[in-house]
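Visitor: Structure, please.
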Amino acid sequence: MSLDSATRARIETLLKDHQVVLFMKGTRFQPQCGFSAAAANVLNEVLPEYHTVDVLADPELREGIKVFGNWPTIPQLYVGGELVGGADIVRAMYASGELHALFGAAAPDRTPPEIIITDAAAAAIRAGVADAGGLALHLEIGPDHSAGFQLAPAGEHDIVAVANGIEVHFDPGSAQRARGIKIDWVETMQGAGLSLSFPGAGGVKPMEVAELQRRLNARSITLVDVRPAPARAIAPFPAAGVRILEEEGYDALAALPKDTALAFICHHGNSSRAIAERFAAHGFDEVYNVEGGIDAWSVQIDPSVPRY
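Guide: Predicted coordinates:
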C-alpha cells in the first residue's frame, strides 16, 4: 500500500510540531484499546505532557501511519520524528529505565516493595501457578489503584517482591504503589479471587439503614445490591437507581470514578462486606457496608419489603 502525499505531509507536520507523538486509539486519559492504554499509562508516568493522535477519529491517519513507519499496528510512539515502537517496546523500555533516560527523567526506584501475602492467598497462588509452565505472577497497579494480576513470563527488568514464599513481579510504577499492600483471598457469592488492601486506605465503614435512607434521599450515595437474582426477586430494593452487581459486573462498577461514594447491600450484611472490601482495596475513597442488609431495611425502614 502506498501513502498519498497529503497524508504523508500531515504526518510529517505532526512530527515536526511535536517532540513526542503517540498515535493511538483514543486519548492518553481515555484510551480505547488495551494496547493503547498500556503505552499511554507508562508515558503518563514519565512525561507530564505529550501529543496524542486518535487514529479512530481519522481513518486516513490510521492506515497512513502504518505505511509511514512500516509498522503494522497501533499504537506507535515517535520521539524527535523517529519511530520508537509499539506498546510492547514502550513497556519494556519503561521497565528497564530506558524510557526515563530517553526523556531525561530520573531513573526509577527499583527497590522491591514490602508486601504481605496471607496464608489463604499464598495457597491459592501456589495452586494457580502449579501448572503454569514456569510463568510468573505479575501485579500491575495503576495510578488510581486499579489493579490486575496475570501470569506471564518473567521479564529481565521486573522488580520482584517475595512474601510468604511467593514471588510477585512489578513494573517500576506498580512497585512504588505496592508498598505495604496486603494480598488476601476472598470468597463471595460472585466468585473467589485475590484482593488487595492498601496501607492508609479508609477501608470499609459500617452504615446503618437509617443513614442509607438519608444518603439515598440526598442522592449522595450509590447503592450496589450484591444479592443473586432469586433473592432480589423475593425482596427487590425499593428505590430507583440501585446498581446490580450481578447484572453490571465487577469490572464495570470498578471503572466508576474513585471518589464515588459506594454502599453495598446483601441479605444480612455479610456477603456485601466481602465485596465492599474488594472495592476499597482498589482505591475507592468512600466505601460502606449496609449493616443488617435488606433484612434490617425491612425491619427498620420499610416493612413492605418481604423478609426471607
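Visitor: average model confidence for stretch 6-19?
Guide: Mean pLDDT, computed over stretch 6-19, is 96.
Visitor: Would you mark the buried spots in it?
Guide: Using 16 or more other Cβ atoms under 10 Å as the test for burial, stretch 6-19 gives 7, 10-11, 14-15, 18. For every residue, glycine as well, the C-beta is placed using N, CA and C.
Visitor: Only C-alpha atoms, please: export it in CSV.
Guide: Backbone C-alpha positions of stretch 6-19 (Å, rounded to 0.1, in the frame of the first residue of the first chain) are rendered in CSV as follows:
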residue,chain,number,x,y,z
ALA,A,6,-1.3,14.7,1.5
THR,A,7,-1.4,12.1,4.3
ARG,A,8,2.4,11.9,4.4
ALA,A,9,2.6,15.7,4.7
ARG,A,10,0.1,15.7,7.6
ILE,A,11,2.1,13.1,9.5
GLU,A,12,5.4,14.9,8.8
THR,A,13,3.8,18.2,10.1
LEU,A,14,2.6,16.4,13.3
LEU,A,15,6.1,15.0,13.9
LYS,A,16,7.7,18.4,13.3
ASP,A,17,5.3,20.3,15.5
HIS,A,18,5.6,17.9,18.5
GLN,A,19,8.6,16.3,20.0
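Visitor: picking that back up, what about the buried residues of stretch 6-19, which are in strands?
Guide: With strands taken from DSSP state E, there is no overlap with the buried residues of stretch 6-19.
Visitor: how far is stretch 248-265 from where the chain is centred?
Guide: Remark: stretch 248-265 is offset 12 Å from the chain centroid, using Cα atoms, centre = their mean, to the nearest Å.
Visitor: Give me the packing partners of the helix or strand bottoming out on mean pLDDT in the chain, helices and strands only.
Guide: Every helix and strand in the chain was compared by mean pLDDT, DSSP states H and E; the lowest is strand 191-197, with a mean of 77. Contacts defined by 3 or more Cβ pairs under 8 Å, 6 or more residues apart in numbering; DSSP states H and E place strand 191-197 against helix 119-129, strand 182-188, helix 271-281.
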